[in-house]
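Student: Here's my sequence, what's the structure:
(2 chains)
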Amino acid sequence: MNSLKINRNRGIQALLALLLLTLISGCSTTPRTIDGAPPETPLFTDEALQQKVASGEIVPLGGSENLDPWMGFNRSMYTFNARLDRYVLLPVVRGYEFVTPKVARTGVSNFFSNLDEIRNFINAVLQLKGEKAVHTAARFTWNSTIGVLGLIDVATPMELPKRPEDFGQTLGHYGVGPGPYLVLPLLGPSSLRDTSGLLVDTLIGTRTNPMNPVLEGHLQRQVAYYTMKVIDGRYVNKFRYYAMGSPFEYTWVRYLYGKKRQLEIAD
Amino acid sequence: MRRWLLFILALSAAPLLQAGDDGAVTDDGYGYPIESGPAATVIGTPEDLRAKLPDEIDSRTLNLDTTGGVEVPDIFWYEDDLRYSAAFQDHPAPLIFTIAGTGAGYHDANSVLMQKAFYQAGFHVISFSSPTFQNFIVTASSTGVPGHTEWDARDLYRVMQEAWEVARQDGVEATEFFVTGYSLGGMNAAFVAKLDEERTMFNFKKVLMINPPWSLYNSVSKLDAMVNNIPGGLDKVNEFFDQIIYHFAVIAKKKAAEGKGSDLNITSSDFLRDVYQAYKPTDERLDALIGVFFRILYANMAFTSDVVSNAGFVVPKNVVLTTTSKLDTYSGVIHRETDFVTYFDDLFVPYFKAKYPELTRDDLIRELSLEPIEAYLASSEKIGVVTNANDIILDSEDLANLKRVFGDRIKVYPRGGHLGNMAYKENVAYMVDFFKGQE
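Tutor: The predicted model follows:
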């Protein structure tokens, strides 16, 4: 037991060291060349094209860099997350899939998703979206009762589909722009606004979680609860790093994240 | 007596005639419903007409260390192994290798479709990415400059041998070997089969080419030209792209609400299906959508090739890109300014002219077609082709060439566009029966 604990600590230390290294390497900006040879002008550049690039006429497909002033940090964090995914999270998810039947995994997903309804409800109320608040409250009520503490999603077949709301959306609803794009460790794509929103949601969430009576004062239960939450979070997310075979995946993800949030705020 | 017979005949034909009246589809006995080639290419097969396949099969993603210890460029740190996928029966069975189309991976929707269909029918299946897919270019391409049919066939053949060796050591028993592929992968399959005649490692018994090009250069020139349908022209590519991504996000959001999740993969063939669902574009925009989709695939290929071969195409020669390098300007330049023909002229031709100085540009165009192996294809009874009369990558001359060379070994469906009817139940049955030998 003791040695297990030490190992775990070492694991965390190694992760922190990796994180720190990632951050430091993100700061270096000196261009590197092969064997120190000077860079040559690319073949595929005529003067007209160079002018277009210089004048900013060629905007990268996938939106302007202006929304991403912290790109160095973000790219490092993106890579960090991809490594974390490859060496830790995905192997854990595969193990999880191996030892549990699908129906159990769905139950776990439904359970955590049901607890999120409280966040959805609070934010619907904050945005004065009455119909949505009632919708979310109804989902929570049906799923917590007939759906056995949220293990079964009975609301969706009753034409009460999930309609997520969070504090980032609430801020957006009241006209707060996304601010700089931000890639968070473990959690991935976000923005300054959405990260602030996440903090608020987390603060409220820890106080309003119906699981609190079960969790409070029991460290082991808390560890089990949050571990399951992380595993389930990765399990339900279908995104796989570097699956699209595009060198520009980072840009695409940033672009899609921005569009998705716009839509969610408008809803 | 004859009168009676005629009467019965007329009666039995009546329901058929009626079906022809109320449906928009021409009554030619083929039930795939979408008439237009571009629309079929984008929409694919409606859910209820798709072949019934299992949701999940016992398939695994595998890695081959094909780089032989050579370090991959830092920016491609994650492409350290060739990834492929395999589904094996627990008993001896024939083994089918599948090859994905242009810019597509082993996990592309069409690859998965083939794997499920063949696995369900009792075959072992090993699915490979296209040699034009980033992971393949970085880890398994001996040139780093994909598209050359013969060189790509050699690379494919090598990884097939290695993947089979891994499977064999794992206890998989294959009774015989087949190879197939769709789109460019179909063309790859033909060249792999040709190579196998010399190397005789697999002695492929059957080869199926699904919607292959006749000439790669001709086909992609057609796809290149489709971006001219962008409203406002190529100068407005960003605005148009913004619309596409908006609609893709609409579907991603919808999927999330249904608890299904989205893989956000904009290079999978499912991307086109999703965008269409929300966008419902006009014919012109449909063409533009196809053009932009392929442009993204070619941009991925060209940029990867540029970095791997240090060609100085878009990235200045000698510059080393790292995981934190800003790529957005390259991305802008390459998506807006390059198409396949640009890649061909500025990267592909210089590379192969350096290798074979006597070759001209026209020689290379000819090499990227089925013409050089025409005699082999015409005489080899084991090779079959499936295509559509309105495949958007073929013109009438290409189709005539395919028909001339393959004779009665080509199956031409009246419609389906490019790969649009691949998941249609009749097409899946044909594909499976081709290898089962129950035609």
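Student: Every contact and neighbour count from this point should use C-alpha atoms.
Tutor: Will do.
Student: tell me the SS of residue B:96?
Tutor: strand (DSSP: H, G, I helix; E, B strand; the rest coil).
Student: any idea how far it lies from chain A?
Tutor: 23 Å (Cα to the nearest Cα, to the nearest Å).
Student: Likewise for residue B:434?
Tutor: Relative to chain A, and taking Cα to the nearest Cα, residue B:434 is found at 31 Å.
Student: Quick check: nearest residue in space to that residue, chain neighbours excluded?
Tutor: Among residues not flanking residue B:434 along the chain, residue B:208 sits closest, at 7.8 Å (Cα to Cα, 6 or more residues apart in numbering or on different chains).
Student: for residue B:284, same thing?
Tutor: Leaving aside its chain neighbours, residue B:284 sits nearest to residue B:229 (5.7 Å; criterion: Cα to Cα, 6+ apart).
Student: Count the neighbours of the one you found for me.
Tutor: 19 (other Cα atoms under 10 Å in any protein chain shown).
Student: so how many other residues sit close to the residue lying closest to residue B:82 once chain neighbours are set aside?
Tutor: Once flanking residues are discounted, residue B:82 sits nearest to residue B:64: 5.0 Å by Cα to Cα, 6+ apart. Using other Cα under 10 Å, residue B:64 has 16 neighbouring residues.
Student: Residue B:64 against residue B:161, yeah?
Tutor: No - assessed by Cα atoms under 8 Å, residue B:64 is found out of contact with residue B:161, at 11.0 Å.
Student: Remind me which helix or strand the residue nearest to residue B:434 belongs to.
Tutor: According to DSSP states H and E, residue B:208 maps onto strand B:206-210.
Student: Listing partners with orientation, what would you give for that strand?
Tutor: When sheet partners are counted by DSSP bridges, strand B:206-210 sits next to strand B:174-182 (parallel), strand B:383-388 (parallel).
Student: now what about the longest one, what contacts it?
Tutor: The reference is to strand B:174-182. Strand B:174-182 is contacted by residues B:92-101, B:124, B:186-189, B:193, B:202-212, B:419, B:435 when judged by Cα atoms under 8 Å, 6 or more residues apart in numbering or on different chains.
Student: out of these, which are buried?
Tutor: Buried residues within the contacts of strand B:174-182, counting neighbours by 16 or more other Cα atoms under 10 Å in any protein chain shown: B:92-101, B:124, B:186-189, B:193, B:202, B:204, B:206-212, B:419, B:435.
Student: can you redo the strands paired with strand B:206-210 as JSON lines with mean neighbour count and mean pLDDT?
Tutor: Output for these, formatted as JSON lines (neighbours: other Cα atoms under 10 Å in any protein chain shown; pLDDT from 0 to 100):
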{"stretch": "strand B:174-182", "mean neighbour count": "22", "mean pLDDT": "98"}
{"stretch": "strand B:383-388", "mean neighbour count": "23", "mean pLDDT": "98"}
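Student: Mind jotting down where the strands sit in the stretch 151-267 of chain A?
Tutor: Here the stretch 151-267 of chain A has its strands, by DSSP state E, counting those that start in this stretch, at A:181-184, A:188-191.
Student: wait, what's in contact with the residue lying closest to residue A:126 once chain neighbours are set aside?
Tutor: Counting by Cα to Cα, 6+ apart, residue A:170 is the residue found nearest to residue A:126 once chain neighbours are left out, at 7.0 Å. By Cα under 8 Å, 6+ apart, the contact set of residue A:170 is A:123, A:124, A:126, A:127, A:265.
Student: What is the nearest of those to chain B?
Tutor: Nearest to chain B among these, counting by Cα to the nearest Cα, is residue A:265 at 11.6 Å.
Student: which residue ranges form the strands in the stretch 251-400 of chain B?
Tutor: B:319-320, B:383-388.
Student: Now distance to residue A:38 too, for those strands, in CSV please.
Tutor: Below are the strands of the stretch 251-400 of chain B laid out as CSV (distance: least, Cα to Cα, whole Å):
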stretch, distance to residue A:38
strand B:319-320, 8
strand B:383-388, 50
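Student: With respect to residue A:142, which of the ones you listed lies nearest?
Tutor: Proximity to residue A:142 (Cα to Cα) singles out strand B:383-388 among the strands of the stretch 251-400 of chain B, at 50.6 Å.
Student: How far off centre is the closest one?
Tutor: Relative to the centre of its chain, strand B:383-388 is centred 14 Å away, using Cα atoms, centre = their mean, to the nearest Å.
Student: got a list of contacts for it?
Tutor: Contacts of strand B:383-388 with the rest of the structure, by Cα under 8 Å, 6+ apart, involve B:190, B:206-212, B:377, B:406, B:409-418.
Student: residue ranges with poor pLDDT in chain B?
Tutor: B:1-26, B:438-439 (pLDDT under 70).
Student: what's the domain layout of it?
Tutor: According to automatic domain parsing, chain B comprises the domains B:40-216+B:370-436, B:222-355.
Student: what's the closest of the ones you listed to residue A:117?
Tutor: So among those, domain B:222-355 is nearest, using Cα to Cα, at 12.7 Å.
Student: end to end, how far does that closest one reach?
Tutor: 28 Å (Cα to Cα, to the nearest Å).
Student: which residues in the stretch 51-200 of chain A form helices?
Tutor: A:71-84, A:90-99, A:102-126, A:130-145, A:167-173, A:192-208 (DSSP state H, counting those that start in this stretch).
Student: if I read this right, residue B:85 contacts residue B:129, doesn't it?
Tutor: No - in this structure, residue B:85 is not within contact of residue B:129 by Cα under 8 Å, at 9.1 Å.
Student: Give me the common contacts of those two.
Tutor: Counting by Cα under 8 Å, 6+ apart, the residues touching both residue B:85 and residue B:129 are B:106, B:107.
Student: Neighbour count: these two, which is higher?
Tutor: Taking other Cα under 10 Å, residue B:85 and residue B:129 do not tie; residue B:129 has more neighbours (29 against 22).
Student: returning to that earlier point: can you pull the pLDDT of the residue nearest to residue A:126?
Tutor: With respect to pLDDT, residue A:170 scores 97.
Student: repeat for the one 3 residues further on
Tutor: pLDDT recorded at residue A:173 is 96.
Student: That one and residue A:126 touch, don't they?
Tutor: No - in this structure residue A:173 lies outside contact range of residue A:126 using Cα under 8 Å: 9.8 Å.
Student: overlap in contacts of the two?
Tutor: Counting by Cα under 8 Å, 6+ apart, no residue touches both residue A:173 and residue A:126.
Student: Name the residues that touch stretch B:269-282?
Tutor: Contacts to stretch B:269-282, defined as Cα under 8 Å, 6+ apart, come from residues B:42-44, B:108-110, B:244-245, B:247-248, B:250-251, B:265, B:289-290, B:293.
Student: Recalculate using a threshold of 7 Å.
Tutor: Residues from elsewhere that reach stretch B:269-282 (Cα atoms under 7 Å, 6 or more residues apart in numbering or on different chains): B:42, B:43, B:44, B:108, B:109, B:244, B:247, B:248, B:250, B:251, B:265.
Student: and that stretch, which residues are buried?
Tutor: So, applying 16+ other Cα under 10 Å, buried residues of stretch B:269-282: B:269, B:270, B:271, B:272, B:273, B:274, B:275, B:276, B:279, B:281.
Student: One more: stretch A:177-197?
Tutor: Buried, per 16+ other Cα under 10 Å, within stretch A:177-197: A:178, A:180-186, A:188-195, A:197.
Student: go on, stretch A:81-101?
Tutor: For stretch A:81-101, by 16+ other Cα under 10 Å, it's A:81, A:82, A:84, A:85, A:89, A:90, A:92, A:93, A:96.
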